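Engineer: Give me coordinates for this.
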Amino acid sequence: MLLAAGVSRRMGTLKALLDWHGRPLIMHQATALREAGADEVVIVLGHRGDELQARIGSNRDIYEAGQIRCVPNPDYAAGKTTSIIAGLRAIDAGAGERGTILLLNVDQPRSASIIKRVLESHHLNNDRAGNGRLITIPTCEGKGGHPIAVSRVLLPELLAIDEATQGMRAVALRHQESTQRVELGLEELLWDVNTPEQYRAARAGAGLPPLRTTGFP
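Structural biologist: This is a model prediction of the structure:
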């Protein structure tokens with residue numbers, strides 16, 4: 001699940017459309033998730049959702065093939081938990097409790113290789129029926145990063161989260177004994193481009209050229 005419903009106030013421009021490796025960040029993220037092994041990518045849209053969906057839909061090779069779906073969240077202004085719930089409701093219910101849900105924000109640029117490592121770490125401690133570790137949090141030098149992998153067994157609890165109880169944090173606290181923190185030692189796990197400064201720093205960390213304009217955003 002890729003959360004891309006926010007307003008991007010601190011950035012000053014829509015984060016989903018920031019350049020990352022020569023394409024909009026939202027497309028980089030969706031493609032990276034697919035290349036890492038996600039069966040389907042559900043993108044939750046809110047602010048300027050029609051514009052973003054049009055941009056995603058123009059990439060017919062992956063969008064029309066059914067590998068990527070866009071889900072609107074009309075309540076996005078009420079907090080991130082509303083976007084998580086909107087995305088969860090769109091997930092195929094036919095898979096029952098088996099499988100893994102991967103949560104990632106659009107402003108957390110990740111490569112396919114690092115997403116794959118998170119998935120592999122989660123599956124390493126779970127059998128095919130989904131038994132074992134329910135939540136996997138990747139870390140870098142002890143700091144929790146993203147994406148986070150969650151067993152579908154927790155879907156009913158995830159659908160009940162709200163802002164008042166700190167959303168996903170409350171679920172993780174209830175299942176501390178079944179949560180694993182996996183040290184991968186990769187700074188990329190911590191990239192979060194909420195501001196122009198963070199965007200520049202992440203680009204430098206990824207080896208991307210400096211922004212040409214001094215007036216960004």
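Engineer: ok, residues contacting stretch 25-32?
Structural biologist: If you take Cβ atoms under 8 Å, 6 or more residues apart in numbering as the criterion, stretch 25-32 is touched by 2, 4, 15-21, 41, 43, 52, 55-56, 59, 62, 68, 104, 106-112, 115, 193. For glycine as for every other residue, the C-beta is placed from the backbone atoms N, C-alpha and C.
Engineer: immediately after the helix or strand that contains Glu120, which helix or strand?
Structural biologist: Here Glu120 sits within helix 112-124, counting by DSSP states H and E. Next helix or strand after helix 112-124 toward the C-terminus (DSSP H and E): strand 135-140.
Engineer: contacts for that following strand?
Structural biologist: With Cβ under 8 Å, 6+ apart as the test, strand 135-140 has contacts from 114, 117-118, 121-122, 125, 144-151, 154, 171-172, 175, 178-187, 189-190.
Engineer: Please pick the buried ones from those.
Structural biologist: Buried by 16 or more other Cβ atoms under 10 Å: 114, 117-118, 121-122, 145-151, 154, 171-172, 175, 179-180, 182, 186, 189-190, out of the contacts of strand 135-140.
Engineer: Now, these that are in helices?
Structural biologist: Of the buried ones among the contacts of strand 135-140, the ones assigned to helices by DSSP state H are 114, 117-118, 121-122, 171-172.
Engineer: Number of residues surrounding Trp191?
Structural biologist: For Trp191, the neighbour count with other Cβ atoms under 10 Å is 21.
Engineer: now stretch 176-184, how far from the centre of its chain.
Structural biologist: Centroid displacement of stretch 176-184 relative to its chain, using Cα atoms, centre = their mean, to the nearest Å, is 18 Å.
Engineer: what mean pLDDT would you report for it?
Structural biologist: Averaged over stretch 176-184, pLDDT sits at 94.
Engineer: Could you list the buried residues of stretch 37-48?
Structural biologist: So for stretch 37-48, counting by 16+ other Cβ under 10 Å, buried means 38, 41-48.
Engineer: show me where pLDDT drops low in the chain?
Structural biologist: For the chain, the stretches flagged by pLDDT under 70 are 58-66, 92-97, 125-131, 213-217.
Engineer: how about the strands of it, start to end?
Structural biologist: 2-4, 19-20, 23-24, 41-45, 68-72, 100-105, 135-140, 143-144, 148-151, 179-183 (DSSP state E).
Engineer: Name every strand pairing with the fifth one and say which way it goes.
Structural biologist: Looking back up the chat, that one is strand 68-72. strand 41-45 (parallel) (DSSP bridges).
Engineer: what's the partner strand in contact with?
Structural biologist: Residues contacting strand 41-45 (Cβ under 8 Å, 6+ apart): 1-5, 26, 30, 33-34, 52-53, 56, 67-73, 76, 83-84, 86-87, 90-91.
Engineer: one more time with 7 Å
Structural biologist: Applying Cβ atoms under 7 Å, 6 or more residues apart in numbering, the external contacts of strand 41-45 come out as 1-5, 30, 33-34, 52-53, 56, 67-73, 83, 86-87, 90-91.
Engineer: Just the buried ones out of the residues you listed, please.
Structural biologist: Among the contacts of strand 41-45, the ones that count as buried by 16+ other Cβ under 10 Å are 1-5, 30, 33-34, 52-53, 56, 67-68, 70-71, 73, 83, 86-87, 90-91.
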